[in-house]
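S.K.: Here's my sequence, what's the structure:
(2 chains)
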Number of protein chains: 2
Amino acid sequence: MTVPHLTTALTGPLRELESRILAAQPHIEHWFRSQWHNHAVPFYGSVDLRNSGFKLAPVDMNLFPGGHNNLNPDFLPLAVQAAQSAVDRVCPEARNILVIPENHTRNSFYLQNVAALVHIFEQAGLKVRLGSLNPEITAPTQLTAANGAVITLEPLERRGNRLVLADGFSPCIVLLNNDLSGGIPDILKNLEQNLLPPLHGGWAVRRKSNHFAAYDKVADDFSSLISIDPWLINPYYSTATGLDFHTRQGEDELAAKVESVLARTRAKYREYGIDHEPYVIVKADAGTYGMGVMSVKTPEEVIGLNRKARNKMSVVKEGLEVSEVIVQEGVYTFESINEAVAEPVVYMMDRYVIGGFYRVHTGRGVDENLNAPGMHFVPLSFEKPCLPDRHAGPDAPPNRFYAYGVISRLALLAASLELEATDPDA
Amino acid sequence: MTVPHLTTALTGPLRELESRILAAQPHIEHWFRSQWHNHAVPFYGSVDLRNSGFKLAPVDMNLFPGGHNNLNPDFLPLAVQAAQSAVDRVCPEARNILVIPENHTRNSFYLQNVAALVHIFEQAGLKVRLGSLNPEITAPTQLTAANGAVITLEPLERRGNRLVLADGFSPCIVLLNNDLSGGIPDILKNLEQNLLPPLHGGWAVRRKSNHFAAYDKVADDFSSLISIDPWLINPYYSTATGLDFHTRQGEDELAAKVESVLARTRAKYREYGIDHEPYVIVKADAGTYGMGVMSVKTPEEVIGLNRKARNKMSVVKEGLEVSEVIVQEGVYTFESINEAVAEPVVYMMDRYVIGGFYRVHTGRGVDENLNAPGMHFVPLSFEKPCLPDRHAGPDAPPNRFYAYGVISRLALLAASLELEATDPDA
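M.R.: Presented below is the predicted three-dimensional model:
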């Protein structure tokens, strides 16, 4: 596989951006090293990118990444090395790790992700066991993933300030792969173990707007470093609160926010001579899995939503009601593979990029969200690691992947700043 | 490529060893993590292993590894990640690195190694320049490696307590890829920069016997951890000093040492029912590049050496006179590829295994040293990283490579203990 084809003629600005990233590689890596000395790197994360040919930007940053099964198995050693580094940072004396997966035990692709995570930690030399928050798991339960891998979920128990399994397994690292959309269970509160990501990283508390506020700062700093317009790597956004999609409360305010983001985007499109229609993505400020997401091109589209659209917008995962949304500049994806639109997803562990894949959709448009519930995307793992080839052109595959890795690490850094800023104990 | 064929029927003990290593993987990795918290990991290193089917042991540990060009390019990302970790450990604010290569500028294969090192550090985001100790390098000089890669050597200068290049390039990390066989140049003394490996790691000062004394301790500890006989991973050795090969001074003492190591080895061969003739390797205690090395099966062989053998033994690299030798139990290599004997060499950077290759010789015996001057070996890079596959048998390729990686890291740990013990400032 090579890099997907960019189906837009507007690749000039991107090539310019990629060239600058490539030329500044030593500065960039030095800058990241110093950032990670001032900010705690998240244990792991994944970033959804969009590449419009004129803009390359993160549109979502996941602190509880699923999809490790979609990474190129050739890069497994990178993940193992990164896992060793991450564990060493958190709890050097660790022999064991307890991973808490999502509760949906019937998604056999998600189970594949869990099996892949288990494999990474086993390769790193840890004993890994899976503790489940799912009340249906009352005894060790074997589940089979889509690829035939078998994992064993065990019921979590609380003993004093520690999470344990029935036989007393009680490691110093507890890794959440459950985004806590349903709220923070009492069993996870006030643990003396290292619980990562921290509870305020879960969607019960986390807000996309906090992440993108932190990303604004990171993108501005980075853009100064390599002398670019921050807009090239950062989508405009705004927020609207106090919404009730059922009673249409807050609709006008939302429409105004949509218009404001569209207007700012339109101005940038004019500045760069981009002949496309701006759009925005309206999505729940708390939440994930692509629920509660709309793509709109005019403010009128959010006024008087029909029942179906209202229902779609009003509830995200685990029945969470949506009253706050983020209105984010839409970034076209002009990457395509065999005429299907594709968006890159980059995975990181500790401070390292460990791989990525393209989400490829045949049934979606260039201005639509590709991470939607029930949608089946085809994962296409990156064939090359995200290391630059300075002797090749800026859009040679390794260099495009390097640029992806850099922008994704900016989002990871933003997540670090976001978690600092929102830490209830700080 | 798969793992070379073992041409001995005596693979029972090795399979047993590999099985134990595999079964104990979480304990082993935990043990290494804790060791690296108590001991400073060398910046990089390579280890020559010998695999006799009944024994798997390091026979040499190089603190100034050449041969990075022989590693599988598919694993480059592992080296880059390890380099980032190594640099971060030594000098997190580093933007630049100064590498000091060997002086022999006409070995175009060695130049390939230098080019490979430069590439690794560039990929890690550092500016890399090469400072030469060679007095013939009086201006920036471009040299072309065997594969066509071009490197630029620049003359080293001293300004106060810093090493610099002519334009003032003066990074906080100076990495030696020159083993200082010819002595420690004044220009390298009392630097305020981080000079790695430290000067007492150079062959002007370093002694193999110190390394193997440290390895004795490491091998004993590790053998307790996984309940094996340390002999399975550790060759017997002894030392002889005050030798003069030209005047035959010390010959009898040397013969006695040879007999003592042979006798101990013979006893072990009997214990394990090994039907081979023990041999020892006599080699300079200080020195490298396989000079000053003899393979002998009886003590008589070191008495009354002819002129050719005396000359071979008496001088190692850069004319260093040999008066101290190490008498090391010979470990047969029963690995072969197309009937040529092969010995594995494993490369590490920071605490990570970054790859390895087989030294394959068609013209050498199973009891001979394969790293000899002027010998052309065929490098055959490992096809797989050194990660275990616990679902496969102990001698499946990934598992053999994992065992190689473990034993090599033991030698790396021994190097750390050795450098601590021999530190003149300690």
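S.K.: separation between the closest residue to chain B within the stretch 151-300 of chain A and A:Tyr402?
M.R.: Closest approach between the stretch 151-300 of chain A and chain B, counting by C-beta to the nearest C-beta: A:Pro171, at 11.3 Å. Where you see a C-beta, it was placed from the backbone N, CA and C, and this is true even at glycine. A:Pro171 sits 35 Å away from A:Tyr402, going by C-beta to C-beta, to the nearest Å.
S.K.: what does A:Thr362 give?
M.R.: 28 Å.
S.K.: Which one of these two is surrounded by more residues?
M.R.: A:Tyr402 (26 against 12; other C-beta atoms under 10 Å in any protein chain shown).
S.K.: which non-adjacent residue is nearest that one?
M.R.: Among residues not flanking A:Tyr402 along the chain, A:Pro388 sits closest, at 4.0 Å (C-beta to C-beta, 6 or more residues apart in numbering or on different chains).
S.K.: Same question for A:Ser223.
M.R.: A:Pro230 is the one closest to A:Ser223 (C-beta to C-beta, 6+ apart), at 3.9 Å.
S.K.: Please apply the same query to A:Val293.
M.R.: Per C-beta to C-beta, 6+ apart, closest to A:Val293 is A:Lys283, 4.4 Å.
S.K.: Can you name the next helix or strand after the strand or helix carrying A:Ala263?
M.R.: Per DSSP states H and E: A:Ala263 is located in helix A:251-271. Next helix or strand after helix A:251-271 toward the C-terminus (DSSP H and E): strand A:280-284.
S.K.: avg pLDDT for that next one?
M.R.: The average pLDDT within strand A:280-284 is 92.
S.K.: Paired strands for it, with orientation please.
M.R.: strand A:293-296 (antiparallel), strand A:325-329 (antiparallel) (DSSP bridges).
S.K.: quick one: A:Ser132 and A:His104 touch, right?
M.R.: No: look at A:Ser132 against A:His104 with C-beta atoms under 8 Å: they stay out of range, at 10.8 Å.
S.K.: which of the two has more neighbours?
M.R.: Counted by other C-beta under 10 Å, A:Ser132 and A:His104 do not tie: A:Ser132 has more neighbours, with 24 against 12.
S.K.: buried stuff in the helix holding A:Ala263?
M.R.: A:251, A:254-255, A:257-259, A:261-262, A:264-265, A:268 (16 or more other C-beta atoms under 10 Å in any protein chain shown).
S.K.: Run through the neighbouring helices and strands of that helix.
M.R.: Helix A:251-271 is packed against strand A:237-240, strand A:280-284, strand A:325-329, with contacts defined by 3 or more C-beta pairs under 8 Å, 6 or more residues apart in numbering or on different chains; DSSP states H and E.
S.K.: would you list every one of the strands in the stretch 51-200 of chain A?
M.R.: In the stretch 51-200 of chain A, the strands defined using DSSP state E, counting those that start in this stretch lie at A:56-62, A:96-101, A:127-132, A:141-144, A:150-155, A:157-159, A:162-164, A:173-177, A:194-196.
S.K.: Format those strands as a markdown table; extra columns: mean pLDDT and distance to B:His37.
M.R.: Below are the strands of the stretch 51-200 of chain A laid out as a markdown table (pLDDT from 0 to 100; distance: least, C-beta to C-beta, whole Å):
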| stretch | mean pLDDT | distance to B:His37 |
| --- | --- | --- |
| strand A:56-62 | 96 | 32 |
| strand A:96-101 | 97 | 17 |
| strand A:127-132 | 97 | 19 |
| strand A:141-144 | 96 | 36 |
| strand A:150-155 | 97 | 30 |
| strand A:157-159 | 97 | 28 |
| strand A:162-164 | 97 | 23 |
| strand A:173-177 | 98 | 16 |
| strand A:194-196 | 97 | 17 |
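S.K.: For the stretch 251-400 of chain A, which residue gets nearest to chain B?
M.R.: A:Pro385 (4.1 Å).
S.K.: which residues in chain A form helices?
M.R.: For chain A, the helices defined by DSSP state H cover A:12-23, A:25-38, A:76-90, A:108-123, A:208-226, A:251-271, A:307-314, A:397-421.
S.K.: Reformat these as CSV; add mean pLDDT and distance to B:Tyr352.
M.R.: Below are those laid out as CSV (pLDDT from 0 to 100; distance: least, C-beta to C-beta, whole Å):
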stretch, mean pLDDT, distance to B:Tyr352
helix A:12-23, 84, 26
helix A:25-38, 93, 17
helix A:76-90, 93, 6
helix A:108-123, 94, 13
helix A:208-226, 97, 28
helix A:251-271, 96, 44
helix A:307-314, 77, 47
helix A:397-421, 93, 19
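S.K.: Of all those, which one comes closest to B:Thr333?
M.R.: helix A:76-90 (26.2 Å; C-beta to C-beta).
S.K.: wait, isn't A:Val261 in contact with A:Glu329?
M.R.: Yes: with contact defined as C-beta under 8 Å, A:Val261 counts as touching A:Glu329 (5.6 Å).
S.K.: Overlap in contacts, those two.
M.R.: A:236-237, A:280 (C-beta atoms under 8 Å, 6 or more residues apart in numbering or on different chains).
S.K.: care to break chain A down by domain?
M.R.: Per automatic domain parsing, the domain ranges recorded for chain A read A:1-61+A:207-235+A:334-426, A:71-201, A:236-330.
S.K.: With respect to burial, which of these scores highest?
M.R.: Of all those, domain A:1-61+A:207-235+A:334-426 carries the top mean neighbour count, a mean of 20, counting by mean count of other C-beta atoms under 10 Å in any protein chain shown.
S.K.: Distance from the chain centre to it, please.
M.R.: Between the centre of domain A:1-61+A:207-235+A:334-426 and the centre of its chain there are 10 Å (C-alpha atoms, centre = their mean, to the nearest Å).
S.K.: can you list the residues of the stretch 1-150 of chain A near chain B?
M.R.: A:25-30, A:32-34, A:37, A:74-78, A:80-82, A:84-85, A:87-88, A:92-95, A:122-127 (C-beta under 8 Å from any C-beta of the partner chain).
S.K.: one more time with 10 Å, if that's ok
M.R.: A:24-34, A:36-37, A:74-78, A:80-82, A:84-85, A:87-88, A:91-96, A:119, A:121-128 (C-beta under 10 Å from any C-beta of the partner chain).
S.K.: quick one: contacts for A:Val128?
M.R.: Going by C-beta atoms under 10 Å, 6 or more residues apart in numbering or on different chains, A:Val128 touches A:96-99, A:114, A:117-122, A:151, A:171, A:175, B:26.
S.K.: go on, A:Ser46?
M.R.: A:Ser46 neighbours (C-beta under 10 Å, 6+ apart): A:60-68, A:70-71, A:345-349, A:354-357, A:408, A:411-412.
S.K.: for A:Ala204, same thing?
M.R.: A:Ala204 neighbours (C-beta under 10 Å, 6+ apart): A:179-185, A:286, A:318, A:320.
S.K.: Farthest-apart pair in the contacts of A:Val128, please.
M.R.: A:Val114 and B:Pro26 (18.8 Å).
S.K.: And for the closest residue to chain B within the stretch 51-200 of chain A, nearest residue in space, chain neighbours not counted?
M.R.: Minimum separation of the stretch 51-200 of chain A from chain B (C-beta to the nearest C-beta) falls at A:Gly125, amounting to 2.2 Å. Distances taken as C-beta to C-beta, 6+ apart put B:Glu29 closest to A:Gly125, at 2.2 Å, once the chain neighbours are dropped.
S.K.: Could you measure from that neighbour over to A:Ala79?
M.R.: From B:Glu29 to A:Ala79 the distance is 15 Å (C-beta to C-beta).
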